[in-house]
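[1] no FASTA, just this:
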């Protein structure tokens, strides 16, 4: 009941975040309210204790993991960002937990022991970004072929890929061929139509 009262009022949402900051001080870097949503920023190693607290504490009751969002910013110190979206049905509220990962060490703890539905979401992030989930015993390709090389949603992945898959009518089978581009690289010069040249 206390949590319900805290969450419903806009000013009290900030008090709830202060409560989280006090309880989870060791694990949270930053908490704030943005667009009427609660946000927590943390480090990759702290996602498990934060999720465990948010699910089981009576003032939280975030019992449903809705989604995992991942995105890639090449060139940054922390290249990958993961956002976990949790839902509290009792409080009718959502919270987002954001953590950043480096390119050299994109490893985060799996939340399968806390949220059993997260296995497929972690497999999807692993398949498309190459972020490894420690203690997930079923990390397999889910959206790409098992022989696929690379991670297609990384921004350094080539748009055309490395191989192409074709069906050969003569051999009656699927073939994997190295991708050859039919056009060489050309350097284009574009004139600016708005600029007057003399």
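    Done, it's in. Predicted model, so just to flag it, every value in this text is computed and none were measured.

[2] Residue 15 belongs to a helix?
    Yes: according to DSSP: H, G, I helix; E, B strand; the rest coil, residue 15 belongs to a helix.

[3] Tell me the pLDDT of it.
    We have a pLDDT of 78 for residue 15.

[4] same thing with the one 5 residues further on?
    Residue 20 carries a pLDDT score of 84 in this model.

[5] what's the neighbour count on the closest residue to residue 111 other than its chain neighbours?
    Residue nearest to residue 111 in three dimensions, not counting chain neighbours: residue 118, with 4.8 Å by CB to CB, 6 or more residues apart in numbering. All C-beta spots, glycine's among them, are computed from the backbone N, C-alpha and C. Using other CB atoms under 10 Å, the number of residues around residue 118 comes to 21.

[6] do residue 99 as well
    Other residues near residue 99 number 21, with proximity taken as other CB under 10 Å.

[7] got the contact list for the closest residue in space to residue 102 that isn't next to it in sequence?
    Once flanking residues are discounted, residue 102 sits nearest to residue 78: 5.8 Å by CB to CB, 6+ apart. Residues in contact with residue 78 (CB atoms under 8 Å, 6 or more residues apart in numbering) are 100-102.

[8] ok but residue 78 is inside a helix, no?
    No: secondary structure of residue 78, determined by three-state DSSP: coil, with no helix assignment.

[9] any idea which element the residue nearest in space to the middle of the chain lies in?
    Per CA atoms, centre = their mean, the C-alpha nearest to the average position across the chain is that of residue 70, at 2.1 Å. Applying DSSP states H and E as the criterion places residue 70 in strand 64-72.

[10] And residue 32, by the same measure?
    strand 28-34.

[11] Need the residues that contact that strand.
    10, 13-14, 17-18, 20-21, 38-43, 46, 50.

[12] Could you pull up the mean pLDDT of it?
    Mean predicted lDDT for strand 28-34 stands at 85.

[13] buried ones in that strand?
    28, 31 (16 or more other CB atoms under 10 Å).

[14] All further residue positions should be reported with the first residue as 48.
    Got it, the first residue is 48 from now on, which makes the last one we talked about strand 75-81.

[15] Quick check: next helix or strand after that strand?
    With DSSP H and E, the next secondary element past strand 75-81 is strand 84-90.
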